[in-house]
Every structure is written in C-alpha cells, then in structure tokens.
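Chemist: okay, predicted coordinates and the sequence, questions at the end:
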2 protein chains.
Amino acid sequence: MPIPISIPIQAREFLMIPGPTPVPDAVLEAIARHPIGHRSAEFSKVVEDVTANLKWLGQTESDVAVLTASGTGGMEAAISNTVSPGDKVLSLVCGVFGERWAKIAEAFGAQVERLKVAPGTAIGADSLEEKLQSGSYAAVTITHNETSTGVINDLQKLVAVCKKHNVLSIVDAVTSFGAVPLPIDEWGVDVLVTGSQKALMLPPGLGIIFFGERAWAAKANCKSHSFYFDLAKYRKSTKENSTPFTPNVSLFCGLQASLKMIKDEGAESIAARHHRLRKTLRAGLEAMGLQLFVDESCASPTITAIKPPEGITVDAIRKSLKGQYRITVADGQEELKGQIFRIGHMGYVSDRDILMTLACLEATLTQLGYHTEPGKAMQAAAQLLAAR
Amino acid sequence: MPIPISIPIQAREFLMIPGPTPVPDAVLEAIARHPIGHRSAEFSKVVEDVTANLKWLGQTESDVAVLTASGTGGMEAAISNTVSPGDKVLSLVCGVFGERWAKIAEAFGAQVERLKVAPGTAIGADSLEEKLQSGSYAAVTITHNETSTGVINDLQKLVAVCKKHNVLSIVDAVTSFGAVPLPIDEWGVDVLVTGSQKALMLPPGLGIIFFGERAWAAKANCKSHSFYFDLAKYRKSTKENSTPFTPNVSLFCGLQASLKMIKDEGAESIAARHHRLRKTLRAGLEAMGLQLFVDESCASPTITAIKPPEGITVDAIRKSLKGQYRITVADGQEELKGQIFRIGHMGYVSDRDILMTLACLEATLTQLGYHTEPGKAMQAAAQLLAAR
C-alpha cells in the first residue's frame, strides 16, 4: 500500500534538475561563513585562487571574469562587449537557450539570423559551414549543451568552422563547463560563458565569462553600451586580484572551495564520471521501456530528457517523485512543457544518485499504473557500473 | 606592554566598514541551507514574502525587482530602463557614488551635467532648483547617503524639487534604505536602488530596485538596450512570484529571514537606533579630540568619516585596529584615500559595537602616540546612551 501523501516526508530535498544542482557540504560551509571585506588581503587571495583555477579548468590563457549575476548576465556581457547595433549575428538554435542568445543579441540591436533544428537534435557543422560561406556575420552564438532538451553539440567542430571563416564564436557552456573536457584555447573558443549553479557545484549567483584575444579585438570596435558588464573593468581589477564592484563574497569563497574539490578529483575523472552517469541512466531508462528524447549520438552527459509513458502525465510523475521521495526533476520548457521530463546529473552527482533515481522512478511509474519488469532497470545500470 | 602582533589573534573578524556589514546568525543559517529549486512552490513563497516586505519597508506601491547583481547592477538597471542615448541627465555629485551615477549615464550615451559640491558637504535643494529652472533634463540622479564621505542628502527636499519640475528622480539609497525612514510614495521617488549587503544585513549579491509609475512611463519611450536588467521581465515574473532568470536562491532565502527580523524590530525602532549610533559615535570621537569630516547637519546615520590625528596615518590606524583587535574600518576612496578613515554602522550594529569600536580606537591611537584623556570618549558615549 502506498504511503499516504498527507504524511509529511522529512527526507532532505534532492535536486535532480538541470540547476541548481547538489552543493557539497564543504562548499555550503564556505558560503555560510560570515562575509569578509571585499577589499581585504584575504579576499584578494580568494580572487587569485579562483582566477587561476578557472583558467586551469578551461585550459586557457584567456581573461576570465567572475560576475555577480546569473548565467544570463554572463550571456549579456558576452553580447554587449562584442556586438554592435546593426551587426549581423548567426544564432544556432536547438532549444530555449539557443533562442536566448538570439533574443539577447536582438535586444542589443543586432540583425539576428537563426540556424534552427528540431528540439532534441543537434546543429550540424555542415549546415554552419554552408551558412558562413553564403553570408558574412560578425559573430556566431552557440549553445554547447542545450539545457532544455539534453542535447550536446559538437563544439569543437562548430568552433573550427567559425575560426576558418574568421567569425567570432560566442559559446554558452553553462551546463557543460566543468563536466566535459573544454580546452578553450585548443578549440579556439573566443567567448565562453558559464554559471555557478551547474557542474561547478555552487548555488546560483555567479556568471563566469572567458574572453579571448579575438574577443578583445571585437570589443575595441564595439559600440554597445554597458557599465556593470564592461569586461575591461573586470580585466583591470582581476589583474590586481580584485573586482570592480562589490562581489558576492560568499559565493566567491564557495567557488574557491568547489574548484579545490574539482582539482582534487581531477578534470579527466570528472569527465569520465559524467560520461558514466549518462550511460548508466540511459541504460536504466531504456530497460524500463521508456523513450529517450535524444539520440545517443548527441546525448548530453549532464541532462537526460525522457518522454512520459502513454497515459501518464509529466505532472503526475514530477508530483509523485517529489511528494513521496523528495526528488525534484524538471518539466520540459515552453513548447516541450508536459512533453518531456528532464533529469539533471551534473556536478556533485554520483553513481549512487543514478541508481536511487532509477529505483524511485520505477516505483513511481509502477504506482501510476505503468507496467515494467521489476528490477530490470537497476540490473542494466548496475551491470554497466560493474563493468567500468 | 602591547601584545606582540606576531601572536595570532583568533577573535572573529568584525566589519565596521560601509558594507559588507555584519550578518545575523539567523540570516547566515538561511543562506547556508542547501538551495531549493527556483521553480518550486517553496521558492515562490520566498519571492512573495520578500516582495511584500520590501514594499512594506519602502512604504510603496511601486514595483520592486530583486536582481541577482550588486548595487551597481541595480544602478545600471535604473539608467538603462529610463535614459536614452542623447538624453540630458543632471547628476548630483558629492562623492564617489554620485560620480558613479554620472559615469553609468554616460556609458549609456546620456549628456550628463554634474552639480558638484566639495566632498564632505551635501547638495542644496536651492542649487538643484536653480539648475532645473535654467535647463531641461530627462532625469536627475541623486545619492541619498554618500558612502565615500558619510554625508546624507536631504532626499525629501531634493525629490520635491524634481517633482515640481516634472523631472524623473533616480535615487541611490544603497547605504540608507532600511536604516532611515524612506517613504518612497509619500516623497515621490521615481526610481530607488539599494543593495543586500548594507542595512538589509545580508552578504553582497542582490541589487534591489523600486520602479514607480512615472518610471514606467519613461521606460515606454526608452531606447537603451538591455536584457538581463530589463525591468519589464521582472515585473511580469514578480506578479507570478517568480524571477525571469535563475536567481541567487540562497540570498533570497537570507533576505526573507532578514526582512522578518526588520519587521520584528520595527522600521521606526531601527531608524531610532541608527540615529543613536551616529550620535553616540560622533560624541565619543569628538571627546577623543578627533576631527569629524562631516558637519552634524548632514552627518550620515550609517557611516562616519574621521580625519586622522596629525602625524598618524590612516594606514597605521587601520592596520593596528585589524592586527590587534580584528576590527576592519575603511580607508577613504580615490582623492580621499589616506585623508580620512570611515566607520560603518549600519544594519546589524548595536550600542555595544559603538562602545567597543571607541574603546579599541582609543587604545590603538594611544599606542600610536596620540594623547587623549583615557576614558573620556567612553564617558561621553555612555552618557548619551544612559539618557536615551
């Protein structure tokens, strides 16, 4: 007999959404400390550590600025420092966040053209090549990992095409940076944006932007207005291990702690872990007879989208998982609302969390009337983990 | 004999700077909790509480938006939503933060004229009246409490002049809101900006903006570009108890807790406390024979600036206070660097903290060779507190 939902469940909330993601205790502790003065020697050391370790993680000599803003603030900084009103921008759109790039560029007066593919599929390097051969663009905006669908684009190939045509590449790596290898300089990414609340294992509140040499050249000719997001101010302050405006001191200290954890685990181990989480989760879901929204060839290592079984709504699945097991998974966004549900598995997520999610999802679906062979999903997942 | 500085001091850091300010444990605890999903019913309740209590504190029906950004981000939102390139803006400048308004407006293409007075003095309503009679401006930027000097301007009078001339008033109340009475609607303030790390008793990371009816009318004709700070997006989301972009969930929960504390203490008691802190501190400093930078008539209830005694540097005072007593006070900024030191007394600051600061400052100055009658400062301060 199912536990009546009216009994209050005291279990800790568990976020299996594409951000905010689980935050390690060591990071929460760093954030919980009383803030220190942002013009102190102690805080300079924090800025110094954070800057050095972000560059290490991005394998780059680019400048990096940590903005007190969400990821979208970082995206605005990317556009307002490089794109002028009237500039032609090509936006690669395979979901909500690809479209967000287009909207920000339009808000800053750019002439935006969209290269759009169906949700759940990736942008091909060939179609980008075709576009760049036929038109002349000031910049291309790219979503590395599309959070709304769980698609990962082949960033290395897309950036190579931009470079070949001497077009600035502006990349949203909010749900990929820190989870997958992303050698910024080797791939030639000009501008890259990420956020704190994803694979970097922090609460939301910081936007991070890498800004390379070609981006600085674009900035020199940029006519857009900005002050708070003027990256020249951040470059000057970062050189002095400081920030131009009062930063979120607590999250900077948290970022210092989380980057130390990332260094300790190692970037390659982290990438291997995310690859394994994706593989294990997908194997379990398929063994349960569920339909995955995205093909293996472009499936994200950080977010997996699933179609609900016939006759069961996304709403029912989410409510039941949350009510009985205190696990939060995400709905689809915009036109995909109710069409898919999304499981986030980035940052502080382990093999154990994947098995737990599969077990609770199986129990939930069974309770909602779905027929699946008990334990088959867990077996498929556990086999993969044993073989690792 | 003085304690040798080489002995490590284990005392808790004490911030007597104009922000970040001391954060209550109840607020730190709210922030330290694991972040909840920002699209959950639980978080909607947080947004609802925060919005209602901010409006209560500002005694206003204006819209309010809580931005994941520092105070300067809030200032940029104020300008980019109301001022178009080419607009004439009058900036009232009595210090670094008055000048910041002018720089932001210039960054957005406005023609800025400055009405400037010497640092340490306030802007007169008469000179504003004169300016507005002779020129036509789209907006006036005002710094309510000038953080760099510890001057409070007579906001009610200045705003009344703007209103009389039908000019938009854009107010920085970063170091005044929550510490002094600020009835936004009664005074007719059109746009008001504040930050989390001041009298609201939080760490830095949130910018708060009140945006009234006349401001919305200005926005309708505004040609500046913005996306992340587009207040129309915040208005729409706030009505649904949500935010347009992933917010700093932790600081929102902290703000919910601190606004509850503010409601419990009562806005009038808080204003009376800040008035008392100023009076007590100034009386003690004067009894010590120190020269205050700002005349009583426009002395800030949240920040007090002091000239160092002859022959003793600001640097020596700050180093000694921090090294021996773990109290941080601020230097002057820009041309006032080394000319004054500043004591912040806003937010979670009590009578006890003022006596403590006076006691430690007296000991420090004496150790640095300054001659003052022992205990005279404490006596002057304690007398005022006894008479309350």
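Modeler: The structure has been received and is ready for your questions. Quick caveat, the model's predicted, so the values are computed rather than measured. Numbering: from 1, shown residues only, chains lettered A, B, ... in the order given.

Chemist: which residues of the stretch 51-200 of chain A lie near chain B?
Modeler: Counting by C-beta under 8 Å from any C-beta of the partner chain, the residues of the stretch 51-200 of chain A lying close to chain B are A:68-73, A:75-76, A:79-80, A:85, A:103-104, A:107-109, A:195, A:197. Quick note: C-beta positions are derived from backbone N, CA and C, even for glycine.

Chemist: quick one, helices of the stretch 51-200 of chain A?
Modeler: Ranges of helices within the stretch 51-200 of chain A are A:71-80, A:96-107, A:125-134, A:155-164, A:184-187, based on DSSP state H, counting those that start in this stretch.

Chemist: show me the contact partners of the last one.
Modeler: Contacts with helix A:184-187, where a contact means C-beta atoms under 8 Å, 6 or more residues apart in numbering or on different chains, come from A:58, A:59, A:60, A:61, A:62, A:155, A:156, A:159, A:160, A:192, A:210, A:212.

Chemist: next one: the first one
Modeler: Among residues not part of helix A:71-80, those counted as contacts by C-beta under 8 Å, 6+ apart are A:65, A:67, A:69, A:100-101, A:104-105, A:108, A:110, A:141, A:170, A:172, A:174, A:191, A:193-195, A:197, A:204, A:207-209, A:222, A:224-226, A:229, A:231, B:68-69, B:73, B:225-229, B:245-246.

Chemist: between helix B:71-80 and that helix, find me the angle.
Modeler: Inter-element angle recorded for helix A:71-80 and helix B:71-80: 60 degrees (by axes from the mean of the first three to the mean of the last three C-alpha atoms, to 10 degrees).

Chemist: just the fourth one next, same as before
Modeler: On the basis of the same axes, to 10 degrees, helix A:155-164 is oriented at 50 degrees to helix B:71-80.

Chemist: chain center to helix A:155-164, what's the gap?
Modeler: 20 Å (C-alpha atoms, centre = their mean, to the nearest Å).

Chemist: again, but for the last one
Modeler: Its chain's average C-alpha position is 18 Å from that of helix A:184-187, according to C-alpha atoms, centre = their mean.

Chemist: also the first one?
Modeler: Here helix A:71-80 is found 14 Å from its chain centre; the criterion is C-alpha atoms, centre = their mean.

Chemist: ok, the third one next?
Modeler: Helix A:125-134 has its average C-alpha position 26 Å from the chain's average C-alpha position, going by C-alpha atoms, centre = their mean.

Chemist: so which elements touch that helix?
Modeler: Here helix A:125-134 touches strand A:88-93, strand A:111-116, helix A:155-164, going by 3 or more C-beta pairs under 8 Å, 6 or more residues apart in numbering or on different chains; DSSP states H and E.

Chemist: as JSON lines, those with mean neighbour count and mean pLDDT would be great.
Modeler: Shown next, in JSON lines, are those (neighbours: other C-beta atoms under 10 Å in any protein chain shown; pLDDT from 0 to 100):
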{"stretch": "strand A:88-93", "mean neighbour count": "23", "mean pLDDT": "98"}
{"stretch": "strand A:111-116", "mean neighbour count": "16", "mean pLDDT": "98"}
{"stretch": "helix A:155-164", "mean neighbour count": "19", "mean pLDDT": "98"}
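
Chemist: switch those over to CSV; also include distance to residue B:235.
Modeler: Output for the helices and strands packed on helix A:125-134, formatted as CSV (distance: least, C-beta to C-beta, whole Å):
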stretch, distance to residue B:235
strand A:88-93, 26
strand A:111-116, 25
helix A:155-164, 36
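
Chemist: tell me the spacing between residue A:226 and chain B.
Modeler: Distance of residue A:226 to chain B, computed by C-beta to the nearest C-beta, to the nearest Å: 7 Å.

Chemist: over to that residue: give its phi and psi.
Modeler: Dihedral pair for residue A:226: phi -160, psi 150, per degrees, to the nearest 10.

Chemist: hang on, it packs against residue B:107?
Modeler: Yes: with contact defined as C-beta atoms under 8 Å, residue A:226 reaches residue B:107; the gap is 6.7 Å.

Chemist: which one's more surrounded, these two?
Modeler: The residue with more neighbours, out of residue A:226 and residue B:107 and counting by other C-beta atoms under 10 Å in any protein chain shown, is residue A:226; that gives 23 against 17.

Chemist: with adjacent residues omitted, what lies nearest to that one?
Modeler: residue A:80 (4.2 Å; C-beta to C-beta, 6 or more residues apart in numbering or on different chains).

Chemist: mind checking which of the residues of the stretch 51-200 of chain A next to chain B are buried?
Modeler: Taking 16 or more other C-beta atoms under 10 Å in any protein chain shown as the criterion, what is buried in these is A:68-73, A:75-76, A:79-80, A:104, A:107-109, A:195, A:197.

Chemist: which helix runs longest in chain A?
Modeler: Across chain A, the longest stretch assigned as helix under DSSP state H is helix A:267-287.

Chemist: neighbours of residue A:335, how many?
Modeler: Per other C-beta under 10 Å, the neighbour tally for residue A:335 reads 10.

Chemist: most centrally placed residue in chain A?
Modeler: Closest to where the C-alpha atoms of chain A average out (C-alpha atoms, centre = their mean) is residue A:175, at 1.0 Å.

Chemist: mind giving me the domain split of chain A?
Modeler: Per the record, chain A has its domains at A:14-21+A:266-387, A:25-264, by automatic domain parsing.

Chemist: close to chain B: what parts of the stretch 201-350 of chain A are there?
Modeler: Proximity of the stretch 201-350 of chain A to chain B, by C-beta under 8 Å from any C-beta, involves residues A:203-205, A:224-230, A:245-251, A:328, A:330.
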